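Q: Can you look at this prediction? I've put the sequence above it.
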Amino acid sequence: MYADLLEQQPTPYYVYDTALLAQTLQAIDAETRQHDNYHVHYAIKANADHVVLQQIAQAGLGADCVSGGEIRAALDAGFPASKIVFAGVAKADWEIRLALEAGIAAFNVESREELDIIAQMARELGIQARISLRINPDVGAHTHAHITTGLAENKFGIDRSQMVEVIRHAMSLPATEFMGLHFHIGSQLLVMDDFVALAQRINELQDQLDAEGITLKHINVGGGLGVDYDQPDTHPIPDFRAYFAAYTDNLRLRPGQQLHFELGRAVVAQMGSLITRVLFVKHGLHKRFAIVDAGMTELIRPALYGALHQIMPVHLEGHNLCFGTPAAATETYDVVGPICESSDVFAKDYRMAPVRRGQLLAIRSAGAYGQVMASCYNCRPLPKAFTVASLAACHS
């Protein structure tokens with residue numbers, strides 16, 4: 001059984017729960033199927049594992065890509081080019097050419113300069129480039145400063161004061177088809193008011209465009225919905241109902257307009273865990289350290305954002321690999337990795353059941369921005385990933 005296999009694998013490695021992923025995709029479908037003009041694109045930057053991508057593609061989602069490599073990964077996994085959008089503040093010529101030749105649905109263009117390059121390359125190839133313009137709405141978001149993207153000081157998008165000018169320029173170019181506007185205000189957002197604020201700003205911009213005689217076919221509101229890192233088992237599936245309702249109830253779409261979403265973390269974060277092994281329990285003068293074989297090379301979020309992931313012992317129930325333990329959390333540890341950096345810390349003063357050398361631990365909610373951000377720093381190998389089908393059923 002897979003539990004025996006995973007117990008024998010050298011740590012650290014990722015485990016992806018495909019049953020939970022399927023339930024998450026079903027929850028998204030349940031909220032969007034009643035709107036024939038709602039289109040969800042999965043943000044591949046969150047997790048690009050091939051098996052995971054195949055499952056998401058088979059569920060009917062499109063793909064949101066931010067590099068040529070992600071476009072290739074999407075096509076290889078079965079996403080149709082007609083459902084792929086290409087965002088990103090810096091698109092290289094080869095990436096633009098790849099997207100044009102593949103016939104993707106649209107480019108999310110972030111500057112007039114980028115627009116002109118895409119138009120020139122499309123003209124040279126004899127191709128019509130479908131484009132949406134990413135507008136910086138200057139809407140704040142309740143999240144970490146490193147993952148807010150919708151403020152005027154952020155590098156992303158076109159300032160809204162330049163919106164009409166750039167739209168008219170896009171409409172004048174013979175090799176481009178202007179499709180609409182794209183927005184994204186940040187990531188790991190749990191306050192629905194942030195999405196309501198974006199919807200209201202879009203309403204203002206659409207009113208402005210109406211006065212200019214400009215009609216949008218498509219509006220792309222990006223993604224950003226967060227997950228519960230504190231209680232992954234209590235809330236394994238994000239509140240998609242509230243998320244989509246924030247737009248359904250507040251965004252004034254014009255007749256025939258198509259609304260696009262780009263969800264990443266909310267789709268895959270809770271299905272993934274980083275499995276690591278305790279190397280030593282070190283007793284310092286004032287601290288007890290659980291030193292594990294995973295580090296910031298495998299999961300950089302704690303070092304980069306100060307993010308806290310729940311850490312649980314792994315145990316077997318029959319042939320199932322399960323998280324948690326009936327024992328009470330009676331000891332306090334700093335859970336740290338092996339990398340030669342002081343920031344290589346997963347958690348400080350973290351209470352859990354007593355751990356021992358050789359014990360397996362699961363660092364939870366690591367399906368998004370974990371494996372994809374791994375590095376070979378300290379000449380470490382990149383972590384492997386395994387997909388399993390029943391982890392969600394045996395949390396304890």
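A: That came through, no problem. Please read all numbers here as calculations on a predicted model, not as lab measurements. Numbers count the residues shown, from 1 in each chain.

Q: In the biggest helix by length in the chain, which residues are buried?
A: For the chain, the longest helix by residue count, based on DSSP state H, is helix 192-211. For helix 192-211, the neighbour count (16 or more other C-beta atoms under 10 Å) marks Met192, Asp194, Phe195, Val196, Ala197, Leu198, Ala199, Arg201, Ile202, Leu205, Gln206, Leu209 as buried. All C-beta spots, glycine's among them, are computed from the backbone N, C-alpha and C.

Q: likewise stretch 161-180?
A: Met163, Val166, Ile167, His169, Ala170, Leu173, Ala175, Thr176, Phe178, Met179, Gly180.

Q: Tell me where the model's unsure across the stretch 101-250 of the chain.
A: Per-residue confidence for the stretch 101-250 of the chain (pLDDT under 70) gives these ranges: 140-155.

Q: Phi and psi next, for Asn108.
A: Backbone torsions of Asn108, given as degrees, to the nearest 10, read phi -90, psi 100.

Q: ok, it - contacts?
A: Val85, Phe86, Ala87, Gly88, Ile131, Ser132, Leu133, Arg134, His182, Asn220 (C-beta atoms under 8 Å, 6 or more residues apart in numbering).

Q: Can you spell out which residues form a bridge with it?
A: In this entry, Asn108 is beta-bridged to Ser132, by DSSP bridges.

Q: Any figure for the gap between it and Tyr333?
A: 44 Å (C-beta to C-beta, to the nearest Å).

Q: Helices of this protein, start to end?
A: Ranges of helices in the chain, per DSSP H, are 2-8, 18-32, 50-58, 68-77, 93-102, 112-125, 163-172, 192-211, 240-248, 265-268, 301-305.

Q: How about residues contacting stretch 42-57?
A: Contacts of stretch 42-57 (C-beta under 8 Å, 6+ apart): 14, 16, 18, 21-22, 25, 61-66, 70, 73-74, 76-79, 223, 262-265, 267-269, 271-272, 367-372, 385, 387.

Q: Mind checking which of these are buried?
A: By 16+ other C-beta under 10 Å, the contacts of stretch 42-57 give 14, 16, 18, 21-22, 25, 61-66, 70, 73-74, 77, 79, 223, 262-265, 267-269, 271-272, 367-372, 385, 387 as buried.

Q: hang on, the earlier thing: please name every helix or strand in contact with the longest helix of the chain.
A: Using 3 or more C-beta pairs under 8 Å, 6 or more residues apart in numbering; DSSP states H and E, the elements in contact with helix 192-211 are helix 163-172, helix 240-248.

Q: Rebuild those as TSV, extending it with distance to Arg351.
A: Below are those laid out as TSV (distance: least, C-beta to C-beta, whole Å):
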stretch	distance to Arg351
helix 163-172	51
helix 240-248	31
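
Q: looking at those, which is closest to Cys322?
A: helix 240-248 (26.6 Å; C-beta to C-beta).

Q: For that closest one, enumerate the helices and strands it packs against.
A: Applying 3+ C-beta pairs under 8 Å, 6+ apart, we find helix 240-248 packed against helix 18-32, helix 192-211.

Q: Looking at the buried residues of helix 192-211, which one is closest to Asp239?
A: Closest approach between the buried residues of helix 192-211 and Asp239, by C-beta to C-beta: Met192, at 8.1 Å.

Q: So for Gln9, what's the pLDDT?
A: On pLDDT, Gln9 comes in at 88.

Q: re earlier: of all the helices and strands packed on helix 192-211, which lies closest to Leu6?
A: So among the helices and strands packed on helix 192-211, helix 240-248 is nearest, using C-beta to C-beta, at 30.0 Å.

Q: Tell me which residues are up against that closest one.
A: With C-beta under 8 Å, 6+ apart as the test, helix 240-248 has contacts from 27-28, 30-32, 35, 38, 192, 195-196, 199, 221, 225, 259, 261, 266.

Q: how about 7 Å then?
A: Helix 240-248 is contacted by residues Ala27, Ile28, Glu31, Thr32, Met192, Phe195, Val196, Ala199, Val221, Leu225, Leu259 when judged by C-beta atoms under 7 Å, 6 or more residues apart in numbering.

Q: Pull out the buried residues from that helix.
A: In helix 240-248, the ones that count as buried by 16+ other C-beta under 10 Å are Phe240, Tyr243, Phe244, Ala246, Tyr247, Thr248.

Q: Based on its surroundings, how many neighbours for the residue lying closest to Glu331 once chain neighbours are set aside?
A: Spatial nearest neighbour of Glu331, excluding adjacent residues (C-beta to C-beta, 6 or more residues apart in numbering): Pro354 at 5.1 Å. Neighbours of Pro354 under the rule other C-beta atoms under 10 Å: 16.

Q: quick one: terminal-to-terminal distance for stretch 289-306?
A: Using C-alpha to C-alpha, to the nearest Å, the end-to-end distance of stretch 289-306 comes to 18 Å.
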